[in-house]
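Asker: Starting from these lines, generate the structure:
(one chain, ligands or ions: 2)
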Amino acid sequence: MSRSPIVLSVIIPVYNEVDNLDPLHQALITVLEEQNKPYEIILVDDGSTDGSREKLAQIAKSNKNFKVVNFLRNYGQTAALMAGIEKAQGEILIPMDADLQNDPKDIPRLLQKLDEGFDVVSGWRKDRQDKTITRTIPSMIANKIISKISGLVLHDYGCTLKVYRRDVIKGVRLYGEMHRFIPIYAKWQGAQVTEIPVSHNPRIHGISKYGLNRIFKVILDLIVVWFMENYFTKPIYLFGSFGLFFLLVSLLSGTLAVYLRIFHNISFISTPMPLAAVMSFMVGIVAILLGLVAEMVVRTYYESQRLNIYTVRETLNIDEPT
Ligand code: UDP
Ligand code: MG
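Answerer: Numbering: from 1, shown residues only. Ligands and ions are numbered 1, 2, ... in the order given. Reported below is the predicted structural model:
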């Protein structure tokens, strides 16, 4: 088996960043050449309409380490990162933003940290240069909640600049705004994850592509992450517990209604108990049935792709069939 000679793969989603591309390219070359390792810079143009695509083609002509994927239309930053990860050949993947808010000069420090024995080193925009009310504060709260739910404590999930050993995100599939959760996914696989502060600059060219509505997407993605973390291989446990709880509520309110009717002569229709019994019975049954459907979906997911519910780090003295 021949191994790819490329060591570092920088992956950059680009959406309408035309004025940032030349300075970005220059800054990256300066930093990467100093590393003395074969590298590639993969730019994924996410359907730009401002001439970024032409600019990328022009730079790609002058530099063969500068590789470009052009999307047909705008699919979003997560999809662009995903495409970059898929094309990347390096052992170390370095996603970052195209807008120079991340500083390529931080890459050597991130790589050094990786060499200390980590699989993922996440950037932490300690001194973040974005609007305080709409960006920095919501993101602070989000980071606290995500840390709590995922069990991986990071200050800044949203920072795109991170470095990964390729093995730990092999096969990762990203949806929605999910790219910020890659370190969590890596940790599930057993990776060692850490963070170091990185610098953050205000945007000089172009505009931010996001507004407040991203908060809702992140919250919903977080629910998915929580579900995947805890129940993805056994959804019936979640739906089933919920269903059983409501069946219990139903039983209790039904019994209470009968008890009140017999011993206190209170009519069925003068308390909400019978209604509560019927409602919670229905909710309980539906939840259990949904859980069974989810089980089938999950099994189809794993079995159609012959996926395992575990990941093996290594085996000893076992010959893998090739
Ligand atoms: N981006 C993208 N597709 C999109 C939106 C953004 O590829 O639909 C890219 C954008 O060009 C930039 C990165 O994702 O390189 C981060 O976007 P932005 O700077 O607007 O986000 P912010 O820094 O404001 O959170
Ligand atoms: Mg930005």
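
Asker: going forward, measure contacts between C-alpha atoms and count neighbours the same way
Answerer: Noted.

Asker: Let me know the helix or strand that Asn74 is in.
Answerer: In the assignment (DSSP states H and E), Asn74 maps to no helix and no strand.

Asker: What separation do you get for it and ligand 1?
Answerer: Using C-alpha to the nearest ligand atom, to the nearest Å, one gets 6 Å for the distance from Asn74 to ligand 1.

Asker: Could you look up the SS state of the closest residue in space to that residue that isn't next to it in sequence?
Answerer: Nearest residue to Asn74 in three dimensions, chain neighbours excluded: Gly47, at 4.4 Å (C-alpha to C-alpha, 6 or more residues apart in numbering). Following DSSP: H, G, I helix; E, B strand; the rest coil, Gly47 is assigned to coil.

Asker: and the one helix or strand Val121 maps to, what does it pack onto?
Answerer: If you go by DSSP H and E, Val121 is part of strand 120-125. Judged by 3 or more C-alpha pairs under 8 Å, 6 or more residues apart in numbering; DSSP states H and E, the packing partners of strand 120-125 are helix 107-115, strand 162-165, helix 182-188, strand 193-198.

Asker: want to throw those into JSON lines with mean neighbour count?
Answerer: Shown next, in JSON lines, are the helices and strands packed on strand 120-125 (neighbours: other C-alpha atoms under 10 Å):
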{"stretch": "helix 107-115", "mean neighbour count": "18"}
{"stretch": "strand 162-165", "mean neighbour count": "25"}
{"stretch": "helix 182-188", "mean neighbour count": "21"}
{"stretch": "strand 193-198", "mean neighbour count": "19"}
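
Asker: Select, out of the ones you listed, the one closest to Gly151.
Answerer: When these are compared for distance to Gly151 using C-alpha to C-alpha, the nearest one is helix 182-188, at 8.4 Å.

Asker: what sits up against stretch 14-30?
Answerer: Residues outside stretch 14-30 that contact it (C-alpha atoms under 8 Å, 6 or more residues apart in numbering): 43-52, 55-56, 59, 74, 77, 80, 97-100, 104-105, 205-206.
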